[in-house]
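> Just a sequence and a predicted model for now, questions to come.
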Amino acid sequence: MRKLLLINGQDYFERAQGELNNTMSKYIEEFTTNEFEVVQTAIAKGDQVPEEIEKFKWADVIIIQTPIYWFSLPGILKKYIDDVFIPDIFFGKSTQFGQGGKFNKKKYMLSVTWGAKESAFKGTKEDFLEGLSEEQVLFPIHKTFEYCGFNRLPTFSIYSSMNLQELDPYLTKIQRHLQEHLFHSGESI
């Protein structure tokens, strides 16, 4: 059976207590258990670096379920990556910058929640995000994983998360997304 590491990157704030990310993490775990053996890490509950490194070695696929704060990862998730993605395990020296990743046979996917509306990513150069797509805003995060050799799967996004009225349409969309990119990709994961 294929192996999936699901990381819940939620940090607790009074204005954002993590209900949506916790719900999505639980839903992804339940939806994937027939196809994958799933291990989950909830960053806010604490972690042990050696155990987390072993989880990455074990997994075929990593899904990061996280809010996007200030156009990046929550600080607690960034610190987790800083602590866990260590040299000689995740990457090594290379003659070409960014080519020393050691996890080349593994895939990763971001499942993110945005405070922004979907239309914010379909703007023009004159708009706040200057016409950037979600993937372009997430560029530094993608490059972090790619530096370690991980292969990117398309990102799943939930928009207007602070004012979300109905979750069911997104649950249907994540099902389709996971089926297309994890279950029926035509590739061995």
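That came through, no problem.

> Only C-alpha atoms from now on, for both contacts and neighbour counts.
Noted.

> show me where this protein has helices.
Ranges of helices in the chain, per DSSP state H, are 19-32, 49-58, 75-84, 134-137, 139-147, 168-178.

> Give me the contact list for the fifth one.
For helix 139-147, contacts defined as C-alpha atoms under 8 Å, 6 or more residues apart in numbering pick out 72-73, 91, 98-101, 108, 151-152.

> and if we set it to 7 Å?
98-99, 101 (C-alpha atoms under 7 Å, 6 or more residues apart in numbering).

> Next, format the helices of the chain as CSV and append mean pLDDT and distance to Asp11.
Formatted as CSV, those follow (pLDDT from 0 to 100; distance: least, C-alpha to C-alpha, whole Å):
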stretch, mean pLDDT, distance to Asp11
helix 19-32, 91, 10
helix 49-58, 96, 18
helix 75-84, 95, 6
helix 134-137, 90, 20
helix 139-147, 96, 17
helix 168-178, 92, 21
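
> how about these in a markdown table, adding mean neighbour count and distance to Ile64?
Compiled in a markdown table, the helices of the chain are given as follows (neighbours: other C-alpha atoms under 10 Å; distance: least, C-alpha to C-alpha, whole Å):
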| stretch | mean neighbour count | distance to Ile64 |
| --- | --- | --- |
| helix 19-32 | 17 | 9 |
| helix 49-58 | 15 | 12 |
| helix 75-84 | 15 | 10 |
| helix 134-137 | 15 | 14 |
| helix 139-147 | 17 | 11 |
| helix 168-178 | 14 | 13 |
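
> As TSV, those helices with distance to Gly123 would be great.
Shown next, in TSV, are the helices of the chain (distance: least, C-alpha to C-alpha, whole Å):
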stretch	distance to Gly123
helix 19-32	26
helix 49-58	37
helix 75-84	28
helix 134-137	11
helix 139-147	18
helix 168-178	22
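
> Tell me which of these lies nearest to Ile158.
Set against Ile158 and scored by C-alpha to C-alpha, those come closest in helix 168-178, at 6.9 Å.

> Just give me how far the closest one sits from the chain centre.
Chain-centre distance of helix 168-178: 16 Å, with C-alpha atoms, centre = their mean, to the nearest Å.

> Run the angle between that helix and helix 19-32 for me.
Helix 168-178 runs at 40 degrees relative to helix 19-32, counting by axes from the mean of the first three to the mean of the last three C-alpha atoms, to 10 degrees.
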